[in-house]
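# Predicted model, plus sequence, below.
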Amino acid sequence: MPSDRPEWWERNAELREELGLPEYEPSRFADGTYVHEVIEELESEYGTEVELVSEDPSYPSRWVIRIGGTDCVSAVRRRDDHGNNVFQISADEVRKRIDAEMA
């Protein structure tokens, strides 16, 4: 069965399995939506660069989504049991706050 994952991800998964390491999952929001998917949608919608920037390098850290230089949404980033990034906000809430900020 073909995978929706990029080839590099599949190679990474095989290597992690060989080494007994936990599974990798890209950064995601609290509802499981991948951050990179939302960023790509926002860049297309607003026609500008969207940045995810750390406001506080300590852990757990606070990050901000910046669109065209405007800080729109702030969220705490934690790690799951496998060390993968999880931002403590849903993708829907991110979109709602950005729409309000960019209106």
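Cool, got the structure.
# Quick check: chain neighbours aside, which residue is closest to I98?
Leaving out its chain neighbours, the residue that sits closest to I98 by Cβ to Cβ, 6 or more residues apart in numbering is C72, at 4.6 Å. Glycine gets a C-beta too; all of them are placed from N, C-alpha and C.
# Next one: the one you found relative to R11, how far apart?
Here the distance between C72 and R11 works out to 35 Å (Cβ to Cβ, to the nearest Å).
# Neighbour count: these two, which is higher?
C72 (19 against 11; other Cβ atoms under 10 Å).
# Could you list the residues in contact with the helix or strand that that one is a member of?
For C72, the host element (DSSP states H and E) is strand 70-79. Here strand 70-79 makes contact (Cβ atoms under 8 Å, 6 or more residues apart in numbering) with 27, 54-55, 59-66, 85-89, 93-94, 97-98, 101-102.
# now do 10 Å
Strand 70-79 has contacts (Cβ atoms under 10 Å, 6 or more residues apart in numbering) with 27, 29-30, 35, 42, 46, 48, 50-56, 59-67, 84-90, 93-102.
# The protein: strands as residue ranges?
For the chain, applying DSSP state E gives strands covering 28-29, 50-54, 61-67, 70-79, 85-87.
# who does the shortest one touch, helix- and strand-wise?
Put plainly, it is strand 28-29. Contacts defined by 3 or more Cβ pairs under 10 Å, 6 or more residues apart in numbering; DSSP states H and E place strand 28-29 against helix 35-46, strand 85-87, helix 91-102.
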